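> can you look at this prediction? I've put the sequence above it.
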Amino acid sequence: MRKIIHVDMDCFYAAVEMRDNPQLRDIPIAIGGSRERRGVISTANYPARKFGVRSAMPTGMALKLCPHLRLLPGRFDAYKEASAQIRDIFTRYTPLIEPLSLDEAYLDVTDSPHCHGSATLMAQAIRATIYRETGLTASAGIAPIKFLAKIASDLNKPDGQFVITPPEMSGFLLTLPLAKIPWRRQGLGQKAGRDGAGDLWRRAEGGLSAAVKALWQVWPGAVGAQQWH
């Protein structure tokens, strides 16, 4: 069984801005857009998220939710530099790295000898090293497949991690809301109605792999097929 870690930086662009300008730490900030013209929010820090500000939200809507929101234009050279530092830390633990963006990546640590081969301890060490060397926090999900590692990394944010062991996979899938499935096709929630991933599990025979196939057959494009591997 493989050992996959999904590392996801916490509100990455905003975190870089707060690190470089500590005066921004306790006020709601967002990257992208401006008060003068239309735009879309790239990311927001946690004080802004308390007002409902989210990534991919139109700037005008974000300002309605949080009128005192501080909008920043973004410094992508700084973000790329921080991302390169983080990528270098990954390589100390495994050469098998699949970047998804500047702020997240899959790490296959199945054969890594670090931390006595424990993916959980490696995730802790990676996150601690990232914070020590960059001043930024990361969350992580650990699971036997990328799909579940991706979901797990979002379950203990910020600055935390969540583990789904092989024996826990089937039970986790039984209670998984479809809204938690990443990269789902637009409108999937309405089409699925009240069904959850557990409904597919109960309809399928043969365990996890059959439920995965059922999900793909009923809602093709709901998730990237490669994410199951």
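Thanks, I have the structure now.
> can you tell me the element I86 falls in?
Assessed by DSSP states H and E, I86 sits inside helix 76-91.
> in that helix, which residues are buried?
Along helix 76-91, these residues count as buried under the neighbour rule (16 or more other CB atoms under 10 Å): 79, 82-83, 86, 89-90. C-beta coordinates here come from the backbone N, C-alpha and C atoms, glycine included.
> what is the distance between it and the centre of its chain?
With CA atoms, centre = their mean, to the nearest Å as the basis, helix 76-91 stands 17 Å off its chain's centre.
> next one: stretch 85-93
Worked out by CA atoms, centre = their mean, stretch 85-93 lies 18 Å from the chain centre.
> quick one: contacts for the residue nearest to E104 when sequence neighbours are not counted?
The shortest distance from E104 to any non-neighbouring residue, by CB to CB, 6 or more residues apart in numbering, is to D8 (4.5 Å). By CB atoms under 8 Å, 6 or more residues apart in numbering, D8 lies in contact with 103-104, 138-141, 153-154, 157.
> which two of those residues have the greatest separation?
D103 and G141 (14.2 Å; CB to CB).
> neighbour-wise, which of those two wins?
Ranked by neighbour count (other CB atoms under 10 Å), D103 and G141 place G141 first, with 27 against 22.
> what sits against that one?
5-6, 8, 148-155, 161-164.
> and of the residues you listed, the nearest to L96?
I5 (10.3 Å).
> would you check that the closest one makes contact with L107?
Yes: contact criterion CB atoms under 8 Å: I5 and L107 qualify, at 4.4 Å.
> identify the residue nearest the geometric centre of this protein.
The centre of the chain sits closest to D8, judged by CA atoms, centre = their mean, with a distance of 4.7 Å.
> for G135, see how far away it is.
Using CB to CB, to the nearest Å, D8 is found at 17 Å from G135.
> for A138, what are phi and psi?
When read as degrees, to the nearest 10, the backbone of A138 gives phi -130, psi 150.
> what residue ranges in the protein score low on pLDDT?
Counting by pLDDT under 70, the chain contains low-confidence residues at 178, 182-229.
> next, please give the residue ranges for the helices of it.
Shown for the chain, the helices assigned by DSSP state H span residues 12-20, 46-49, 59-65, 76-91, 119-134, 146-152, 169-174, 188-192, 197-203, 208-218.
> most tightly packed of the ones you listed?
Most buried of these by mean neighbour count (mean count of other CB atoms under 10 Å) is helix 146-152; its value is a mean of 24.
> so what secondary structure elements neighbour it?
strand 4-9, strand 104-108, strand 138-143, strand 161-163 (3 or more CB pairs under 8 Å, 6 or more residues apart in numbering; DSSP states H and E).
> just checking: what are the partner strands of the third one?
Going back to what we said before, that points to strand 138-143. Its sheet considered, strand 138-143 pairs with strand 4-9 (antiparallel), strand 161-163 (parallel) by DSSP bridges.
> with distance to Q23 added, can I get the ones you listed in JSON lines?
Below are the strands paired with strand 138-143 laid out as JSON lines (distance: least, CB to CB, whole Å):
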{"stretch": "strand 4-9", "distance to Q23": "21"}
{"stretch": "strand 161-163", "distance to Q23": "30"}
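> for T94, find the nearest of these.
strand 4-9 (8.5 Å).
> from the chain's centre, how far out does the closest one sit?
That offset, for strand 4-9, works out to 7 Å (CA atoms, centre = their mean).
> against S139, how distant is the closest residue to H6 other than its chain neighbours?
Excluding the flanking residues, the one nearest H6 by CB to CB, 6+ apart is A149, at 3.9 Å. Noted for A149: a distance of 11 Å to S139, by CB to CB.
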